[in-house]
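Novice: coords please:
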Amino acid sequence: MEKKIHPNLYRIDIFPGKKAVTADENDLLADRIQEAGIPLSLYCGKKGLCGKCFVEIIKGKRPPVEEREDFFIKQKGLNRKHRLACLFRIKSDLEIRIPEESIIQEISILQTGERTPVLLDPQIKKYHLQLRKPQIALPSSFLEMVENAFQKKLRVPLAVLRKFPAIAEQNHYQITAVMDSDDQVLDIEPGDTSKENFGIAIDAGTTTLVVELVDLVTGKTLDTLTARNDQIQYGSDVMSRIGFAIKDSRNLAELKKSILNALNGMIGQILDKKEIDKANVYEIVIAGNPPMNHFLLGLPVESLARAPYLSVFSCLPELTSDELGFRINERGKVYVSPNIKSFVGGDISAGLAAVDLANKKGNFLFIDLGTNGEIVLKKQDTFMATSTAAGPAFEGMNISCGMLALPGAIHRVEDRDQIVIHTLGEKPALGICGTGLIDLIAIFLERGMVSVRGRIKNKSKRIRITGNLTITQKDIREIQLAIAAIKSGIRMILMKNNLKLDQLDGIFIAGAFGNYLNIRNSIRIGLLPPLDDEKIHFVGNSSLAGAKAFLLSRPAREKIESLVKTIRFFSLAADPMFQDYFIEALEFKEQSLSG
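Specialist: This is a model prediction of the structure:
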């Protein structure tokens, strides 16, 4: 190792990678490692509480092992050359090796399309503490012992304070503190439960509910469950449900009960399957459109039924699981992904976070092919959002043989002289989901079985697919209306911003389609503009992916809450040209890049 390069500077050689940085005497080693661009895991905010930033001091002065370090060295089976970087003050030139487990892991949140990683930094964290046993000569309160460990004053609920003495004394002063943010104690648990920390990400869709169980220690998804939203019995679209809610004050309670019971049932099912106690689930993140958010929270929806279509909230502070009725830890937290404007809600803000749209350079469209058909345009550094009533056809609803993208759904269709169908899970065909419908219509157009205006040309006005599954004239009209809503929305938001399709650097397509949507067929019927394939990115359920990002990353929440305040809203319904463009868009033909 080289000698000191300056009387007041030390050289730090970092392995693996052979990086070198300089440091002043008494600098914190963790700070200099971060300066080198290495994402060191500082889970506890440099308090020496988590034991996640150990480095091996190969050469150089090593201070005596601190009591806290000794605890973790024995627990992790490390050698005596290891020190916590967040406690290490530099006194000499150093040569260090950083173990892989001391590096923050990037967690990929999207299952399809681009890799969009987040750094693991959840809102709810657990710390295993070995408290110093009090002595008669140095009496200390139970709370002070924990505050001394965290080196700050803490906010502690009275119910948790009541548990302190018994838990501490019965477990030889080894406890686990469950922390919500940096200064609030959510709970105290006996022994070491730091690895039992779970959260739930929810996509509360108009048609579909998805629940994802996430390990907040590793960032891994443990299981996912999908079900139909039973609120469909009160209306297939949100406006129908809003109308139902307004008719009678008891109806809003019924809508809340319907979705809450469904979600609690799904959460219970997924926890039972993984043999996880609900007491170890500390947080839920919900991403849904404004009406779905309001139904779930039991908020009045009258303002969503009339212009200017205002939601009750945009960004909310964390709520408690108890007040909402979720069956997880009794002191668990609930974070609702922020609404943007009017009918552009938390599912879209979550999607924008999932694809990290704010950090993309250039002009991009983000399109959610769900019931509400939301569109966000990023033009350089400005954002505009709009919403168009696409209806549930893309999710297989309102189609005579339609179904969700579940096993047995026809999701892909090919024309090989005869029509060849492919089902999810290779199960017998039970129905057709949105992607299968798009493939079929493209094939019908090519074969001349359906006109550009959407008319089935045979006398029966039905086309048999397989078995008892047929496509009717009404089915064609449903998908025609959904496509026209998206096409006219794209055209108008671009015109509003003086952009043409050929000026776009990319389009992100969100929704349950995932990678199953056929680009060529989608372009052929006019759903997608005729851009090069590499400019079209399918990102699957970005609403769920964004909810997972918010579970795993506090900074992701802070970024999206700042972003939504800058997004302008464009009302298609208020524009006199919308109806003309919508009628024109009903034809199954390619969009024009220059128009």
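Novice: Need the contact partners of stretch 520-539.
Specialist: 110, 112-114, 351, 354-355, 438-439, 441-443, 445-446, 483, 486-487, 490, 501, 504-510, 513-515, 517, 519, 545, 585, 587-591, 593 (Cβ atoms under 8 Å, 6 or more residues apart in numbering). Where C-beta positions appear, they are placed from N, C-alpha and C, glycine not excepted.
Novice: For stretch 441-456, which outside residues touch it?
Specialist: Outside stretch 441-456, the residues that reach it (Cβ under 8 Å, 6+ apart) are 413, 415, 419, 457-458, 462-463, 471-473, 476-477, 479-480, 518, 520-522, 524-525, 586-589.
Novice: try stretch 270-280
Specialist: Contacts of stretch 270-280 (Cβ under 8 Å, 6+ apart): 193, 196-198, 211, 213, 222-225, 267-268, 281, 327-330.
Novice: Could you pull out the buried residues of it?
Specialist: 270-271, 276, 278, 280 (16 or more other Cβ atoms under 10 Å).
Novice: Please apply the same query to stretch 417-428.
Specialist: Neighbour count says stretch 417-428 has 419, 421-424 buried, by 16+ other Cβ under 10 Å.
Novice: again, but for stretch 505-512
Specialist: 506-512.
Novice: And for stretch 157-165?
Specialist: Those would be 160, 163-164, for stretch 157-165 by 16+ other Cβ under 10 Å.
Novice: tally of neighbours for Tyr581?
Specialist: Tyr581 has 18 neighbouring residues, counting by other Cβ atoms under 10 Å.
Novice: Wait, it touches Ile490, no?
Specialist: No - contact criterion Cβ atoms under 8 Å: Tyr581 and Ile490 do not qualify, at 9.9 Å.
Novice: re the thing from before, just the ones in strands from the contacts of stretch 520-539, please.
Specialist: 506-510 (DSSP state E).
Novice: got those residues as JSON lines, with pLDDT and distance to Ala262 columns?
Specialist: Below are the ones in strands among the contacts of stretch 520-539 laid out as JSON lines (pLDDT from 0 to 100; distance: Cβ to Cβ, whole Å):
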{"residue": "Gly506", "pLDDT": "94", "distance to Ala262": "35"}
{"residue": "Ile507", "pLDDT": "94", "distance to Ala262": "32"}
{"residue": "Phe508", "pLDDT": "93", "distance to Ala262": "29"}
{"residue": "Ile509", "pLDDT": "92", "distance to Ala262": "27"}
{"residue": "Ala510", "pLDDT": "90", "distance to Ala262": "22"}
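Novice: Nearest to Arg83 among the residues you listed?
Specialist: Nearest to Arg83, judged by Cβ to Cβ, of the ones in strands among the contacts of stretch 520-539 is Phe508 at 44.4 Å.
Novice: and the closest one, what does it touch?
Specialist: Counted by Cβ under 8 Å, 6+ apart, Phe508 has contacts 113, 351, 355, 357, 364-367, 537, 539, 542.
Novice: Next one: it relative to Asp533, how far apart?
Specialist: To Asp533, Phe508 is 14 Å away according to Cβ to Cβ, to the nearest Å.
Novice: do Met403 as well
Specialist: In terms of Cβ to Cβ, Met403 sits 28 Å off from Asp533.
Novice: If you count surrounding residues, which of these two has more?
Specialist: Met403 (21 against 9).
Novice: how close does that one get to Gly205?
Specialist: In terms of Cβ to Cβ, Met403 sits 15 Å off from Gly205.
Novice: give the contact list for Ala354.
Specialist: Contacts of Ala354 (Cβ under 8 Å, 6+ apart): 109-110, 116, 510, 539, 542-543, 545-546, 549.
Novice: before we move on, what about Gly511?
Specialist: 368-370, 394-395, 434, 540-541.
Novice: Tell me the spacing between it and Thr176.
Specialist: 40 Å.
Novice: go on, Gly408?
Specialist: Distance from Gly408 to Thr176, by Cβ to Cβ: 45 Å.
Novice: again with Met403
Specialist: Applying Cβ to Cβ to Met403 and Thr176 gives a distance of 45 Å.
Novice: for the top helix by length along the chain, which positions count as buried?
Specialist: Determined from DSSP state H, the single longest helix within the chain is helix 249-274. For helix 249-274, burial by neighbour count (16+ other Cβ under 10 Å) applies to 251-252, 255-256, 258-260, 262-267, 270-271.
Novice: quick one: average pLDDT of that helix?
Specialist: Averaging pLDDT along helix 249-274 yields 96.
Novice: moving C-terminal of that helix, what's the next helix or strand?
Specialist: strand 281-288 (DSSP states H and E).
Novice: That following strand pairs with which strands?
Specialist: Note on strand 281-288: by DSSP bridges, its sheet partners are strand 198-204 (parallel), strand 333-336 (parallel).
Novice: ok, the worst-scoring helix or strand of the chain on mean pLDDT: who's next to it in the sheet?
Specialist: Lowest on mean pLDDT, DSSP states H and E among the helices and strands of the chain sits strand 106-108, with a mean of 77. Using DSSP bridges, the strands paired with strand 106-108 in its sheet are strand 117-119 (antiparallel).
Novice: quick one: buried residues of the strand it pairs with?
Specialist: Those would be Val118, for strand 117-119 by 16+ other Cβ under 10 Å.
Novice: could you check the angle strand 281-288 makes with whichever helix or strand comes after it?
Specialist: Remark: after strand 117-119, the chain's next helix or strand is strand 124-130, criterion DSSP H and E. For strand 124-130 against strand 281-288, the angle by axes from the mean of the first three to the mean of the last three Cα atoms, to 10 degrees is 170 degrees.
Novice: could you point out which element follows strand 124-130?
Specialist: From strand 124-130, the next helix or strand downstream (DSSP H and E) is helix 142-150.
Novice: picking up where we left off before, inside helices: which ones of the contacts of Gly511?
Specialist: Using DSSP H, the contacts of Gly511 in helices are Gly434.
Novice: Closest one of the contacts of Gly511 to Glu67?
Specialist: Asn541 (46.9 Å).
Novice: correct me, but the closest one touches Lys548?
Specialist: No - assessed by Cβ under 8 Å, Asn541 is found out of contact with Lys548, at 9.9 Å.
Novice: okay, now the domains of the chain?
Specialist: Using automatic domain parsing, the domain parsing of the chain gives 9-102, 123-190, 198-336, 346-383+479-585, 392-476.
Novice: residue ranges with poor pLDDT in the stretch 101-250 of the chain?
Specialist: 111-115, 137-139 (pLDDT under 70).
Novice: Low-confidence stretches in the stretch 401-550 of the chain?
Specialist: Those would be 512-515, if you go by pLDDT under 70 across the stretch 401-550 of the chain.
Novice: And the helices in it?
Specialist: Using DSSP state H, counting those that start in this stretch, the helices of the stretch 401-550 of the chain run over residues 434-447, 473-496, 519-524, 542-552.
Novice: so of those helices, which one's packed in deepest?
Specialist: Comparing the helices of the stretch 401-550 of the chain by mean neighbour count (mean count of other Cβ atoms under 10 Å), helix 542-552 ranks first with a mean of 31.
Novice: which strands and helices sit next to that one?
Specialist: strand 198-204, strand 208-215, strand 281-288, helix 346-355, strand 506-510, helix 554-564 (3 or more Cβ pairs under 8 Å, 6 or more residues apart in numbering; DSSP states H and E).
Novice: between that helix and helix 554-564, how many degrees?
Specialist: 130 degrees.
Novice: Nearest to Glu56 among the buried residues of stretch 157-165?
Specialist: Checking the buried residues of stretch 157-165 one by one against Glu56 (Cβ to Cβ), the nearest turns out to be Phe164, at 36.6 Å.
Novice: which residues touch that closest one?
Specialist: 142-143, 146, 188 are the contacts of Phe164 under Cβ under 8 Å, 6+ apart.
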